[in-house]
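In: Whatever this is, show me its structure:
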Amino acid sequence: MKITSKGQVTIPLVVRKKLGLLPETEVDFLVEGSSARLVKRKSGRSRGDKIILGLKGTGSVKMTTDEIVALTRDR
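Out: Residues are numbered from 1 along each chain as shown. You can find the predicted model right below:
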């Protein structure tokens, strides 16, 4: 495995799957002597929470909650 000119390296798929490293997962490097360890950063919010927060306020439909519930119940 080689480091690119931009300092990037690809984490093998097997390793990403085993550690649950998904796109946008934050990681840290811990330097220990002449070695470095990559660890998944502990986050206060789950991936789902971050997605929901990113979507908040992006809706374009002007309906009340009651109208939306009525639509879903009619099906």
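In: rest of the way, CA atoms for contacts and neighbours
Out: Fine.
In: in whichever strand or helix holds Lys17, what counts as buried?
Out: Using DSSP states H and E, Lys17 falls within helix 13-19. Buried residues in helix 13-19, counted by 16 or more other CA atoms under 10 Å: none are found.
In: Grab the CA positions of it and hand them over as CSV.
Out: Provided in CSV are the C-alpha atoms of helix 13-19 (Å, rounded to 0.1, in the frame of the first residue of the first chain):
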residue,chain,number,x,y,z
LEU,A,13,-12.8,-2.9,2.1
VAL,A,14,-12.4,-5.8,4.5
VAL,A,15,-11.0,-3.5,7.2
ARG,A,16,-13.7,-0.9,6.6
LYS,A,17,-16.5,-3.5,6.9
LYS,A,18,-15.0,-5.1,10.1
LEU,A,19,-14.6,-1.7,11.8
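In: Which is the succeeding secondary structure element to that helix?
Out: Next element after helix 13-19 (DSSP H and E): strand 27-32.
In: quick one: low-confidence parts of the chain?
Out: 74-75 (pLDDT under 70).
In: Centre-most residue in it?
Out: Glu24 (4.0 Å; CA atoms, centre = their mean).
In: can you pull the contacts of that one?
Out: Contact analysis of Glu24 by CA atoms under 8 Å, 6 or more residues apart in numbering lists nothing.
In: again, but for Ser46
Out: Contacts of Ser46 (CA under 8 Å, 6+ apart): none.
In: where does Val27 sit relative to Gly59, distance-wise?
Out: 31 Å (CA to CA, to the nearest Å).
In: my bad, Ser35
Out: Distance from Ser35 to Gly59, by CA to CA: 47 Å.
In: try Lys2
Out: 43 Å.
In: do the same with Phe29
Out: In terms of CA to CA, Phe29 sits 38 Å off from Gly59.
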